[in-house]
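Enquirer: next input, structure requested:
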Amino acid sequence: MAKESSTLFRVHFSTLSNIVAGLPFFATLFCVTWSVVFNFKESTATHCRVPNYLPSISAAIGGYVPQRNVWRISIALHAFPRFLIALAYFQYHMKFLVEKKRQFYTALAALCTLLHMVENFALVVLTYISSLDNREIHENMFVLFMVTSEVYMLLTCLLYRWGHTREGQVMTPKETQSYHYKIGMFISNFSLFMMAVYMYFRHNWYCEKGVYTGFAACEYLVVFSNIAYHYTARLDFHDQYLSLSSESYRTSKTA
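Expert: Residues are numbered from 1 along each chain as shown. Prediction:
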């Protein structure tokens, strides 16, 4: 009896990374642009009633049609591949033979995988349960998304350096590029998020002209820097394919 395998589906990781990053990137640009062009007055209105020139992310993606539908479809399409990439990253980290504190290294890799999955899950939930549907769940999922996102990015940077520089090893140019991109996007994302939080509360406290516009702009950059961070998978898996195969058994007859 011989075992045979056939490939049902095969895609290069570079292509997969382009799709996974491109969907939310396109959806964000579309929703913001459409809201500014066709729903400007209502999407930029705030309780302060001061001039504001940009809609917040939540207003742009969840308040109006077709923006809401475009965002939900894009997030739904990109979610499943994100879970696969999270699992692929665990295998990626585990291929490095870290001798010292191996158990801690493994636990950290598992934690990063869990954080990656929870971040993705929270994004899906807050996408499909808007603040108008259930404000408490939406806000809790947003907090969960941001916390897991920031912790994941930080721990992955540490894990990446640990695995690639073990026992005096030196990173390849592509690995160095990926690591530096990760560090840069994490610092940018965290700094922009802190700036967004500051502007949000400043707007609510003082109702100053243009502050909410700055908050919205920081929100967009937080989204784009998050996407850019995850897009480094294109560098880490540049020579890899994601494939789905089936196996069957064939009985051979002998005369």
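Enquirer: Leu242 belongs to a strand, doesn't it?
Expert: Yes. The assignment for Leu242 by DSSP: H, G, I helix; E, B strand; the rest coil puts it in a strand.
Enquirer: tell me who's in contact with it.
Expert: Arg10, Val11, His12, Phe13, Leu16, Leu84, Ala88 (CB atoms under 8 Å, 6 or more residues apart in numbering). (Each C-beta comes from the backbone N, C-alpha and C, glycine too.)
Enquirer: so which of these are in helices?
Expert: Counting by DSSP state H, the contacts of Leu242 place Phe13, Leu16, Leu84, Ala88 in helices.
Enquirer: for PyMOL, write the select line for the buried members of those.
Expert: The buried residues among the ones in helices among the contacts of Leu242 can be selected in PyMOL (16 or more other CB atoms under 10 Å) with this line:
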select buried, resi 13+16+88
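Enquirer: specify which member of the ones in helices among the contacts of Leu242 is nearest to Leu23.
Expert: Leu16 (11.3 Å; CB to CB).
Enquirer: give the contact list for that closest one.
Expert: Residues in contact with Leu16 (CB under 8 Å, 6+ apart) are Pro81, Ile85, Leu242.
Enquirer: residues of stretch 62-79 that come out buried?
Expert: Those would be Gly62, Gly63, Tyr64, Gln67, Arg68, Val70, Trp71, Arg72, Ser74, Ile75, His78, Ala79, for stretch 62-79 by 16+ other CB under 10 Å.
Enquirer: pLDDT of it, averaged?
Expert: The average pLDDT within stretch 62-79 is 94.
Enquirer: so which residues make contact with it?
Expert: Defining contact as CB under 8 Å, 6+ apart, one finds that stretch 62-79 is touched by 19-20, 23-24, 26-28, 30-31, 34-35, 38-39, 42-43, 60-61, 120, 123-124, 127-128, 130-132.
Enquirer: which of those count as buried?
Expert: Buried by 16+ other CB under 10 Å: 20, 23-24, 27-28, 30-31, 34-35, 39, 43, 60-61, 120, 123-124, 127-128, 130-131, out of the contacts of stretch 62-79.
Enquirer: helices - which of these land there?
Expert: 20, 23-24, 27-28, 30-31, 34-35, 43, 60-61, 120, 123-124, 127-128.
Enquirer: in which helix or strand would I find Ala109?
Expert: Using DSSP states H and E, the element containing Ala109 is helix 102-128.
Enquirer: try Ala76
Expert: With secondary structure defined by DSSP H and E, Ala76 is part of helix 67-94.
Enquirer: show me which residues of stretch 105-115 are buried.
Expert: Across stretch 105-115, burial judged by 16+ other CB under 10 Å covers Tyr105, Leu108, Ala109, Cys112, Thr113, Leu115.
Enquirer: check stretch 78-98 too.
Expert: Using 16+ other CB under 10 Å as the test for burial, stretch 78-98 gives His78, Ala79, Pro81, Arg82, Ile85, Ala86, Ala88, Tyr89, Tyr92, His93, Phe96, Val98.
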